[in-house]
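**Student:** here is a sequence with its predicted model. Questions after.
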Amino acid sequence: MKVLVCDDEQLARERLTRLVADMDGYEVVGEAVNGAEAVQRLSETDADIILMDIRMPQMDGLEAAKLISQNKAPPAIIFCTAYDDHAVQAFNVNAVGYLLKPVRREALAEALAKARSLNRVQLSALSDVTAANDTSHKQRTHISAKTHRGIELVPVDDIRYFLADQKYVTVRSGRGEVLIDETLKELEDEFGERFVRIHRNSLVARRFIDGLEQVSTGHYQVRLKDTDERLTVSRRHVSGLRRLLQHL
């Protein structure tokens, strides 16, 4: 069984790697220092099991697990953490184990055996149940997109706008553009405090709005910081955007 170790502390990663190496039938195929890196390394290593810390910078283990559980054939996730206050959340994102640090060899062996007994079909079924019963409304810190390079993670803080076009939504950030299959309504419900709707097909990050300009009678565009791009503002959203700009 292929194991991916994710922890922001090097000593913790080294200890877990040593423990796994001493057990028959398991091989550590990669390491990650945060949740975002774990998501990316997963597509490279095709790990069967992930040993995941929870409190990590950039993206924590719970958010990473939620993203990973959406895969068609997700790996088993075992959380290894110094805190015992995330157990309920952990099992809401398809975790099959929850170990407290310092991780004991016997407890790790038991958790790995449990993970090994679950095949990928069973894990996928668990993921479906998790998605259907998810009661967590915590905002994501990253948007995930499937591209030819694998899974790309775009920090929400770096996104300029979301632009809908038929069945896909373009995510425009400082790194470029990716396509996702979420709806603008879903994105607006989750990030409504950080993005404002300026048209039926677009949401713009408030922090990147530079101003509103009239291009012809009754037609307006919004200027964005750090780019020459302009986005069309529909007539119904002009007054609301003006009020917003007065407080930015």
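**Tutor:** Arrived safely.
**Student:** use CA for all of it now, contacts and neighbours both
**Tutor:** Noted.
**Student:** which residues of the chain score low on pLDDT?
**Tutor:** 86-88, 90-94, 119-138, 148-151, 248 (pLDDT under 70).
**Student:** looking at it, name the residue that lies furthest from the middle.
**Tutor:** Thr217 (41.9 Å; CA atoms, centre = their mean).
**Student:** phi first, then psi, for it.
**Tutor:** When read as degrees, to the nearest 10, the backbone of Thr217 gives phi -60, psi 120.
**Student:** quick check: the gap between it and Arg235.
**Tutor:** Distance, Thr217 to Arg235, by CA to CA, to the nearest Å: 11 Å.
**Student:** how about Met1, nearest residue that isn't a chain neighbour?
**Tutor:** Closest residue to Met1 apart from its sequence neighbours, by CA to CA, 6 or more residues apart in numbering: Tyr26 at 4.7 Å.
**Student:** can you get me a residue count around that neighbour?
**Tutor:** Tyr26 has 16 neighbours, counted by other CA atoms under 10 Å.
**Student:** residues contacting it?
**Tutor:** Met1, Lys2, Val3, Val20 (CA atoms under 8 Å, 6 or more residues apart in numbering).
**Student:** from those, which ones fall inside helices?
**Tutor:** With helices defined by DSSP state H, the entries of those inside them are Val20.
**Student:** quick one: which of the contacts of Tyr26 is nearest Glu213?
**Tutor:** Distance to Glu213, by CA to CA, is smallest for Val3 among those, at 53.9 Å.
**Student:** surely the closest one meets Leu42?
**Tutor:** No - counting by CA atoms under 8 Å, Val3 sits too far from Leu42 to count as a contact (9.8 Å).
**Student:** who's in contact with Val233?
**Tutor:** Contact analysis of Val233 by CA under 8 Å, 6+ apart lists Ile198, His199, His219, Tyr220, Gln221, Val222.
**Student:** same question but for Tyr168, I mixed them up
**Tutor:** Here Tyr168 is in contact with Leu179, Ile180, Asp181, Glu182, Thr183 (criterion: CA under 8 Å, 6+ apart).
**Student:** for burial, what's the neighbour tally of the last one?
**Tutor:** So the one you mean is Thr183. Neighbour count of Thr183, defined by other CA under 10 Å: 15.
**Student:** quick check: the closest residue in space to it that isn't next to it in sequence vs Ala145, distance?
**Tutor:** Counting by CA to CA, 6+ apart, Thr183 lies nearest to Val169, which is 6.9 Å off, once chain neighbours are set aside. Distance of Val169 to Ala145, computed by CA to CA: 10 Å.
**Student:** looking at the two, which one has more neighbours?
**Tutor:** Neighbours per residue, other CA under 10 Å: of Val169 and Ala145, the larger number sits with Val169, 21 against 18.
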